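Chemist: sequence first, predicted coordinates after that:
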Amino acid sequence: MTDLEERSFESYTLGAATFDLSGLPKEYYTLVDGSKSIIWVQPIFQALGLKSLLAASLPVENFTHAVIHGKDYTAVVIKQQGNYLALLIEPNTEIINNKFLFWAQSFDATSLKNNPKFQVI
């Protein structure tokens, strides 16, 4: 993947949240301008909780990602090594494809701490 593609994918990111493997939230990253809240994190938390409940009785071991569509947002949840990453993107964005998912799987959300567009909550 080219550096240009990586920067392009990051430019679609409007927020991020990290969760541990049990589904508990760790960090939130929001836009500094305050144009997006963290209300979108609640459905992610609920979805990861549901996944854990289902995993207790069904074989869902190969979970790689989920896309959650809300009225005002789209969130992509990716299983990374050691945690889950949720990325907030504009609703109806047509960016979710294999290249995007590959990028997101290795994306280090802590890099957003150095991005002036984001703040850590």
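Modeler: Thanks, I have the structure now. Numbering: from 1, shown residues only.
Chemist: next, the buried residues of stretch 71-80.
Modeler: Using 16 or more other C-beta atoms under 10 Å as the test for burial, stretch 71-80 gives 73-80. Every C-beta, even on glycine, is put in place using the N, C-alpha and C of the backbone.
Chemist: for those residues, give me TSV that also has pLDDT.
Modeler: Putting those into TSV (pLDDT from 0 to 100) gives the following:
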residue	pLDDT
Y73	83
T74	90
A75	91
V76	93
V77	93
I78	93
K79	92
Q80	94
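Chemist: from those residues, pick the one nearest S8.
Modeler: Closest approach between these and S8, by C-beta to C-beta: V76, at 15.2 Å.
Chemist: tell me who's in contact with that closest one.
Modeler: For V76, the contact set (C-beta atoms under 8 Å, 6 or more residues apart in numbering) comprises 65-68, 86-87, 89, 96, 100-101, 104.
Chemist: now it: how far from L58?
Modeler: 22 Å (C-beta to C-beta, to the nearest Å).
Chemist: what's the answer for S111, then?
Modeler: Counting by C-beta to C-beta, the gap from S111 to L58 is 35 Å.
Chemist: show me which of those two is the more surrounded one.
Modeler: Applying other C-beta atoms under 10 Å to S111 and L58 shows that S111 carries more neighbours, namely 12 against 9.
Chemist: you'd agree the more buried one is in a helix?
Modeler: Yes. According to DSSP: H, G, I helix; E, B strand; the rest coil, the state of S111 is that of a helix.
Chemist: pLDDT below threshold where in the chain?
Modeler: Along the chain, segments meeting pLDDT under 70 span 1, 3-6, 35-36, 60-61.
Chemist: would you point out which residue is most central in it?
Modeler: The structure's the chain has its C-alpha centroid closest to A86; by C-alpha atoms, centre = their mean the separation is 1.5 Å.
Chemist: now do the SS call for it.
Modeler: Judged by three-state DSSP, the three-state class of A86 is strand.
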